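Q: fold the following and give me the result.
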Amino acid sequence: MPPKKAVRKRTRARRLAPPPSTPRRAVVDVYHSVPVRDEYRWLENGKSAKVRQWTGAQSRRARTFLDSLPQRKTYARRFEQITKRGYTFYLGFRAAGGRLFALKFDSRRDRPRLVAWDSDRELENEKVLLDTAKLARRGVTVNFDMFVPSWDGRLLAACLSEGGSEEGDLHLFDATTGKRLSDVIHRGQRIGGSGVAWNPDGSGFFYIHHPKPGERPPEDLDFYQQVYFHRLGTPETEDTYALGKEFPRIAELQLASLPDPERYLVTVAHGDGGQFEYWVGNGRSPWVRVAEPADEVVRAELGHDGHLYLVSRKGSPRGRVLRVKGPEWRLSDAELVVPEREWIIEEITTVPDQLYLHEQLGGPGRLDRVNLRTGALEEVPLPPVSSVRDMTALSGGRVLFGVNTFLAPTQYFVTGPTGAPEPTALTCRPPVDLSRWEVLREFATSKDGTRVPINIIVPKGKERNASTPALLTGYGGYGIPMSPAYVVWWVPWLEKGGLLAIANLRGGGEFGEDWHRAGMLTKKQNVFDDFIACEQHLCREGYTSKDHLGIFGASNGGLLMGAVLTQRPDLARAVVSNVGVYDALRAECDSNGQFNITEFGTTKEIDQFRALYAYSPYHHVVDGTQYPAILMSTGENDRRVSPLHSRKMVARLQAATSSGEPILLRTSGKWGHGPTSVGDLIGLFADHLAFFSDRLSEGRAGSRGG
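A: Numbering: from 1, shown residues only. Coordinates of the predicted model:
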């Protein structure tokens, strides 16, 4: 951290300009006879010239403040040094025709590229098929939202979207040359559903059809997903309906297939709360529904033996594996392959005669290999406090997988039916050696007595010091566990002596479906109680103190930040919150908000309304409260969480706070639900770390603002 005297001098000299004038125009909604006042409803209209002017003024104010922090240049330079050393990782591995495909993220390049290997046994010689930097229009970024190769590896279907919107068209490419073909499926990617399932000979594929303008009313264009079939070389207007007229309005679809025997799997999520149904077909006979939401099946995998493998949590919240055989596909006749155990099953992958289980318990994971002939289960060795990602079936019964830890980039291994996993050429050297740090696993005690895990990253052998600047993050939603992961953007914080902690909150999946359900719908307050307990634990155990504690989160984690800072504004000195939900009563009015009802609830149900209103951050900002320093960021093209939440929350906080600490809004016109380029990430995290360093330093005197 900067020297004490220097910080005092700089913070006293800096004055933050007052926020732009924000008129109050009260609107009153009545929910179940309860009147709810909203003074900043007018800020919801992002197309309004006045709202755009207000947003621009807020961004310029934030930019002026952040650029005045001397630490910002230091962090930006350090990020540039780290990224130039080369930090790579891959996402979305796909194997087909003996080849391997993936999206490659390289810190030395601003945009990701789609790469391929001509043999999935020789991973040293990758070649670039498509470069998003070259696909972009002037001033507009392009992203790969999804890609699927044909089974012979000759063709590639890929959804491309612009500006981080995650809404684009489905394009076809030659998978050898990268040449774009003429076939295009418009509206092939929308928030909540994407996928392609090729037929065996590559002459066509099933895809997710989203309504076109004119097919349904404008308010329904993001809903009513169905499965259609496209034959290559024919116009989109000749595509044929396959399945989905019976699906609910908020259905979110995913597709998968295997060529031999020809089978297709359709996963239908009933919103984002973890309720699914599954359909199997062969492209000719009628589709068969294998499981419905009441069956509590959360994963499905087409097996190479012609069977369907399911992870069921019905009566087994940690999961068990079932095998269902065709052609009847009756769940009632399912065979038990792996019973429920202590570890929670997150993901399954099949190869001939083998089943691989990615499991976790409390966040850290393990990998098990099951012999489908004998039932024998064997643990595949992994590093301590690690997690598994991107399990991908390769030729010859092998499986590629990545291993994450908090202190090193993803390592990629290949394993076969027996023996230890072998490292591959895909693993990159760490850009920074973090061997001087260690991860401590401790537990905080929540309000109701629940033990909540915290992962604390500290230098080895360092004594605890209450003046140590510390950052705490969490998520707590959708059954998603906060598993070990290397985040290069927090390395400079550790290098400067800061502490980093990651909480495993209820609402996630760290201890199975019961842990998830304990933090969703009317029990969402448990998530906030868990995080508050983790804040208190760090201070009570002497790792830091309230004046030196910062908290951060994004998306559902942004909702967490809003709830915690309004319920306990005294526990942290600074808050960074990205793309968060803050008006919990209006969240379901967004298109994507409809998909979240099964996780958060709806104001239409009185019990759920009461729970939402009880914690909705926007509605619990109190005039005259001494709120901590707050930096909120959002993207104008965000279709997952509308930027209206950040605009309204910042306006309300600026009007209410009495602390003199800055309340800042940073809005980007170049991204949606977060940055997608290296340059934008460097800028965002340089802002974050400079903001935290300035606010949490020992000599911080505070800037008058709001």
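
Q: wait, doesn't Gly178 sit right on Leu130?
A: Yes. Counting by C-beta atoms under 8 Å, Leu130 is a contact partner of Gly178 at 5.3 Å. Every residue, glycine included, has its C-beta placed from N, CA and C.

Q: out of these two, which sits in the busier spot?
A: The residue with more neighbours, out of Gly178 and Leu130, is Leu130; 23 against 16, by other C-beta atoms under 10 Å.

Q: distance check, that one against Val115.
A: According to C-beta to C-beta, to the nearest Å, Leu130 stands 9 Å off from Val115.

Q: go on, Thr240?
A: As judged by C-beta to C-beta, Thr240 and Val115 stand 34 Å apart.

Q: higher neighbour count, the two?
A: Val115 (18 against 11).

Q: contacting residues for that one?
A: Shown in contact with Val115 (C-beta atoms under 8 Å, 6 or more residues apart in numbering): 90, 101-104, 126-129.

Q: do Tyr615 as well
A: Shown in contact with Tyr615 (C-beta under 8 Å, 6+ apart): 524-525, 528, 563, 567, 584.

Q: in helices only, show me the residues you listed.
A: Using DSSP state H, the subset of these located in helices is 525, 528, 563, 567.

Q: picking up where we left off before, so how do I select the buried members of the contacts of Val115 in ChimeraX?
A: Typed into ChimeraX, the line below selects the buried ones among the contacts of Val115, using 16 or more other C-beta atoms under 10 Å:
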select :90,101,102,103,104,126,129
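
Q: ranking helices and strands of this protein by mean pLDDT, which lands last?
A: helix 4-13 (a mean of 36; mean pLDDT, DSSP states H and E).

Q: assumed Arg63 was part of a helix.
A: Yes. Counting by DSSP: H, G, I helix; E, B strand; the rest coil, Arg63 falls inside a helix.

Q: looking at strand pairing, list the partners for Ala393.
A: Beta bridges link Ala393 to Val399, judged by DSSP bridges.

Q: gap between the two ends of stretch 112-128?
A: Using C-alpha to C-alpha, to the nearest Å, the end-to-end distance of stretch 112-128 comes out at 10 Å.

Q: report the rounded mean pLDDT for that stretch.
A: Averaged across stretch 112-128, the pLDDT comes to 95.

Q: what about it, distance to the chain center?
A: On the basis of C-alpha atoms, centre = their mean, to the nearest Å, stretch 112-128 is displaced by 26 Å from the centre of the chain it belongs to.

Q: and it, which residues are buried?
A: Result for stretch 112-128 [16+ other C-beta under 10 Å]: buried residues 112-117, 120, 123, 126.

Q: okay, those residues in JSON lines with secondary structure next?
A: Formatted as JSON lines, the buried residues of stretch 112-128 follow (three-state DSSP):
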{"residue": "Pro112", "secondary structure": "coil"}
{"residue": "Arg113", "secondary structure": "strand"}
{"residue": "Leu114", "secondary structure": "strand"}
{"residue": "Val115", "secondary structure": "strand"}
{"residue": "Ala116", "secondary structure": "strand"}
{"residue": "Trp117", "secondary structure": "strand"}
{"residue": "Asp120", "secondary structure": "coil"}
{"residue": "Leu123", "secondary structure": "coil"}
{"residue": "Glu126", "secondary structure": "strand"}
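
Q: now, the most widely separated pair of these?
A: Taking every pair in the buried residues of stretch 112-128 and measuring C-beta to C-beta, the maximum separation is 20.3 Å, between Pro112 and Asp120.

Q: contacts for the helix or strand hosting Asn455 next, please.
A: Element membership of Asn455 [criterion: DSSP states H and E] is strand 451-459. With contact meaning C-beta under 8 Å, 6+ apart, strand 451-459 is reached by 362-363, 385, 406-407, 436-446, 472, 484, 494, 499-506, 510, 530, 533-534, 537-538, 543.

Q: picking that back up, and which of the contacts of Val115 is nearest Lys462?
A: For these, the nearest to Lys462 is Tyr90 (33.9 Å; C-beta to C-beta).

Q: assumed that closest one was part of a strand.
A: Yes. Tyr90 sits within a strand when classified using three-state DSSP.

Q: beta partners of it?
A: Lys104.

Q: could you pull out the strands for the stretch 451-600 of the chain?
A: For the stretch 451-600 of the chain, the strands defined by DSSP state E, counting those that start in this stretch occupy 451-459, 470-473, 499-503, 549-554, 574-578.

Q: hang on, Pro431 in a helix?
A: No. Using three-state DSSP, the assignment for Pro431 is coil, not a helix.

Q: how close does it sit to Tyr412?
A: Using C-beta to C-beta, one obtains 17 Å as the distance from Pro431 to Tyr412.

Q: more neighbours: these two, which one.
A: Just comparing Pro431 and Tyr412: by other C-beta under 10 Å the higher neighbour count belongs to Tyr412, 24 against 18.
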